[in-house]
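Student: structure of the sequence below:
(2 chains)
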Amino acid sequence: MRTDPSDTGGLFITRRPGTRPTKYRTLPRTAGETRRRADGLFAAFLLFLMVLVNLCFWGPLPLLCLFVGGRLQHLTDSVGVGLIASFGTLIGGLLLGLMALKRLDLLWILVRRASGVDQRQGVIGRIFMICCAIGAPIFFVWLLGFSGAQLSGAGNMGF
Amino acid sequence: MGLRGYYKQFAGMTDEEITEELKERSAEARRQALAKVEAVDLSQTTWHELPHPDVVAAVTFAARGTLNLAPDPTAEEVRRALGRRNGIEPARIAVGNGAAQLLSAATRALVKPGEELLIPWPSYGLYPLMAQRAGAQAVPVPGGHDPERLLAAITPRTRAIALCNPNDPTGEYLPPARLRELLDALPEHVSLLLDEALVEFVADERAPAASLALLDDHPRLLVFRTFSKVYGLGGLRCGYVLGGPGSESLVAQLAPELGVGVPVQAGVLEAIRVCDPQLAQRRAAVLTERARMEEALHELPLDAPPTEANFFWLRAPGLSDQELAARLRRGGAIVMPGSGVGDEEHVRATIQSSAHLDRLVQAARTAF
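Tutor: Presented below is the predicted three-dimensional model:
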């Protein structure tokens, strides 16, 4: 990219944000072609793992929350305890999941670079958004249509 | 390298790390720049400071205004100013492109091919060259400015003696009284080309006038002076020659056919008009630093003959000129090795400012 004013008609053009080349402490010593291919596969596997963890937020985690909340409500005969347990499980699960995702994302970047790709940014944001777009509607359809749960006052509103 | 280490090497530096590294690099470059001291160049005899600003302004004015016009080929105005200054008729003065050009022209005019030009040696490196260009033979006379040796070296083919006074590079000076003895003893067929490019640095302030006084009685004497040294106008290339009564036609034929340039004439005129206080200041500075250097020489393993110029002809017993120059260069002072003028024991070190002299002394101390 030409950034010198003499090449750009007098304009001083700087690099777009986030496009700075990766600066290494020391130049990495890459392995052979086989190793690079293996790293490519490894990176794909890590991506798959990240998708799985993300999808967990819209299926297994809510189920776990409902299960824990329901069990505690049954044991204590208190709706409040059940609600608090459910939300606690949800928040804790989300935090743990995001921490795991962050680590996986960092590892994915390194493995992608090892596979020969000039990977500069992670993919966590995009995966989260895509999984939200897929998982959230499915979850709500299941919750409202198939789980047997009823919205409070739904009968009065014509449901 | 383990698996973890293999992947870790692909981790890029963070912005903070990069900023920190850039800061360190910049600080290191600054440290190095501050620590680096350029060697001081004491190998030239030209003045180390810029010329008087009025002279620069006059040269600029002439260059901007009248560069399309041919200069006055006789430099009449400059010759009149020089005449008033030196008490000589302008007709006995010629202005040329430096004293060297006039010396060369005088050699061609006076020494015919096959004839001899005597040169007390070592001396200014141009003299043998100008003899060669005239087709004449340069005869070096070892032993410095000794009139007896010079007179003994004269042959029937000798036509001129080129005498640099004070001598470059030794700094030796032949006082006017001894000069008169030499002139009186010279045969009729021998002229004396007296190069006084450095005469302003002689301790006796009457020296410049004293040598000109010899002109009246010695028609075969030509005195050459320059604006390149104490005036600090080496880049202008301007000098002048003064002759005795009856030398008008010879002097006129030494000048360049079409004269010197318009900016040169303008600059020199202004220099004659405004530079006297500056000249006195520079002369005093050289005399002071010369005395300091003479004192310093007592403590240094160097010796030098007495000098009346703005340099010292230094020698370190047991060392060649190249070795001495190299040692001083390592200490941060650049000097001129004498082998260029055939002396493999001495180096020429110019006296400039007080700070430069300190550097030279320091270099000499660290060299041994």
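
Student: what pLDDT is listed against the residue most central in space within chain B?
Tutor: By C-alpha atoms, centre = their mean, chain B has its centre lying nearest to B:Thr45, at 3.7 Å. The confidence metric pLDDT takes the value 94 at B:Thr45.

Student: swap in A:Gly10?
Tutor: For A:Gly10, the model assigns a pLDDT of 69.

Student: just checking, what packs against the strand or helix carrying B:Leu183?
Tutor: Element membership of B:Leu183 [criterion: DSSP states H and E] is helix B:176-185. Counting contacts by 3 or more C-beta pairs under 8 Å, 6 or more residues apart in numbering or on different chains; DSSP states H and E, helix B:176-185 is packed against helix B:147-153, strand B:191-195, helix B:207-213. In this view, the C-beta of every residue, glycine as well, is placed from N, C-alpha and C.

Student: next, the buried residues of the shortest one.
Tutor: Residues of strand B:191-195 classed as buried under the neighbour-count rule (16 or more other C-beta atoms under 10 Å in any protein chain shown) are B:Ser191, B:Leu192, B:Leu193, B:Leu194, B:Asp195.

Student: what about that strand, average pLDDT?
Tutor: Mean pLDDT, strand B:191-195: 97.

Student: direction included, what does it pair against?
Tutor: strand B:158-164 (parallel), strand B:221-226 (parallel) (DSSP bridges).

Student: for that strand, give me every contacting residue.
Tutor: When contacts are defined by C-beta atoms under 8 Å, 6 or more residues apart in numbering or on different chains, strand B:191-195 is touched by residues B:99, B:103, B:106-107, B:110, B:124, B:159-165, B:179, B:182-183, B:186, B:211, B:218, B:220-224.

Student: buried stuff in stretch A:41-53?
Tutor: Judged by neighbour count (16+ other C-beta under 10 Å), stretch A:41-53 contains these buried residues: A:Phe42, A:Ala43, A:Leu46, A:Leu47, A:Met50, A:Val53.

Student: kindly report the same for stretch B:204-223.
Tutor: B:Ala207, B:Pro208, B:Ala210, B:Ser211, B:Leu212, B:Leu214, B:Leu215, B:His218, B:Arg220, B:Leu221, B:Leu222, B:Val223.

Student: looking at those, which is nearest B:Glu294?
Tutor: B:Ala207 (18.7 Å; C-beta to C-beta).

Student: what's the closest non-adjacent residue to the most centrally placed residue in chain A?
Tutor: Nearest to the mean C-alpha position of chain A, counting by C-alpha atoms, centre = their mean, stands A:Phe128 at 3.8 Å. Of all residues not flanking A:Phe128 in the chain, A:Asn54 sits nearest, at 5.9 Å (C-beta to C-beta, 6 or more residues apart in numbering or on different chains).

Student: what sits against the one you found?
Tutor: A:Gly97, A:Leu101, A:Ile127, A:Phe128, A:Cys131, A:Gly135.

Student: one more time with 7 Å, if that's ok
Tutor: Counting by C-beta atoms under 7 Å, 6 or more residues apart in numbering or on different chains, A:Asn54 makes contact with A:Leu101, A:Ile127, A:Phe128, A:Cys131.

Student: and it, that's in a helix?
Tutor: Yes: assignment of A:Asn54 by DSSP: H, G, I helix; E, B strand; the rest coil places it within a helix.

Student: which SSE is immediately downstream of the longest helix belonging to chain A?
Tutor: Longest helix in chain A by number of residues, with DSSP state H as the criterion: helix A:79-114. Proceeding N to C from helix A:79-114, the next assigned helix or strand is helix A:124-141, under DSSP H and E.

Student: what mean pLDDT does that following helix have?
Tutor: Model confidence over helix A:124-141, given as mean pLDDT, is 89.

Student: so for it, what gets flagged as buried?
Tutor: Within helix A:124-141, the residues that qualify as buried are A:Ile124, A:Ile127, A:Phe128, A:Cys131, A:Gly135, A:Phe139, counting by 16+ other C-beta under 10 Å.

Student: would you mind writing the CA trace of it as CSV?
Tutor: Extracted in CSV, the C-alpha atoms of helix A:124-141 (Å, rounded to 0.1, in the frame of the first residue of the first chain):
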residue,chain,number,x,y,z
ILE,A,124,-15.1,-15.0,18.4
GLY,A,125,-17.4,-12.1,17.7
ARG,A,126,-18.6,-13.4,14.4
ILE,A,127,-19.2,-16.9,15.8
PHE,A,128,-21.1,-15.5,18.7
MET,A,129,-23.4,-13.4,16.4
ILE,A,130,-24.1,-16.3,14.0
CYS,A,131,-24.8,-18.7,16.9
CYS,A,132,-27.1,-16.1,18.4
ALA,A,133,-29.0,-15.7,15.1
ILE,A,134,-29.4,-19.5,14.8
GLY,A,135,-29.7,-20.6,18.4
ALA,A,136,-31.9,-17.9,19.9
PRO,A,137,-34.9,-18.4,17.5
ILE,A,138,-34.6,-22.2,17.9
PHE,A,139,-34.5,-21.9,21.6
PHE,A,140,-37.5,-19.6,21.8
VAL,A,141,-39.5,-21.8,19.5
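
Student: so B:Leu300 makes contact with B:Ala363?
Tutor: No: contact between B:Leu300 and B:Ala363 fails when scored by C-beta atoms under 7 Å: they sit 10.2 Å apart.

Student: more neighbours: which of those two?
Tutor: B:Ala363 (22 against 17; other C-beta atoms under 10 Å in any protein chain shown).

Student: state the distance from the more buried one to B:Val40.
Tutor: B:Ala363 is 8 Å from B:Val40, where distance means C-beta to C-beta, to the nearest Å.

Student: joint contacts of those two?
Tutor: Contact criterion C-beta under 7 Å, 6+ apart; residues bridging B:Ala363 and B:Val40 by contacting each: B:Gly332, B:Ala333.

Student: how close does B:Gly234 get to B:Ala105?
Tutor: For B:Gly234, the distance to B:Ala105 equals 19 Å [C-beta to C-beta].

Student: nothing else from me, thank you.
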